[in-house]
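Novice: I would like the atomic coordinates for the input below:
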Amino acid sequence: MGFFPGEAAAISRSALADPTSLVGYFQSWSYFDKERILAFGIGVLERFGNPSDRSILRRYASGHEHGERAIEALRKIVQRMAGVSESAV
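Specialist: Got it, this is the predicted structure:
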């Protein structure tokens, strides 16, 4: 993932936007698999996401399963945005 952060973020973004699109990739799709994959996707966006990912993450922020992780991802994106703004000045 370290070599292709943009691609990893794009795949994660897609998975989080439409989790049912992942069904065909796995032989036995279950609730457990879905939650693990979504948690992984949120983690990817936490590391490599951009401001456009905030709306997707907000959807998960209010949920029980992924709320805390999504809020942390939002916080990290905002911190990155602030760092870019400060270094650009």
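Novice: number of residues surrounding Ala61?
Specialist: Residues near Ala61, counting by other Cβ atoms under 10 Å, number 18. The way it works is simple: take the backbone N, C-alpha and C, and place the C-beta from them, glycine included.
Novice: skipping its backbone neighbours, what lies nearest it in space?
Specialist: Counting by Cβ to Cβ, 6 or more residues apart in numbering, Ala61 lies nearest to Ala70, which is 4.2 Å off, once chain neighbours are set aside.
Novice: and for Pro51?
Specialist: Met81 (5.9 Å).
Novice: what is the burial count for the one you found?
Specialist: Met81, neighbours per other Cβ under 10 Å, totals 13.
Novice: now His64, what's its secondary structure?
Specialist: Assigned by DSSP: H, G, I helix; E, B strand; the rest coil, the conformation of His64 is coil.
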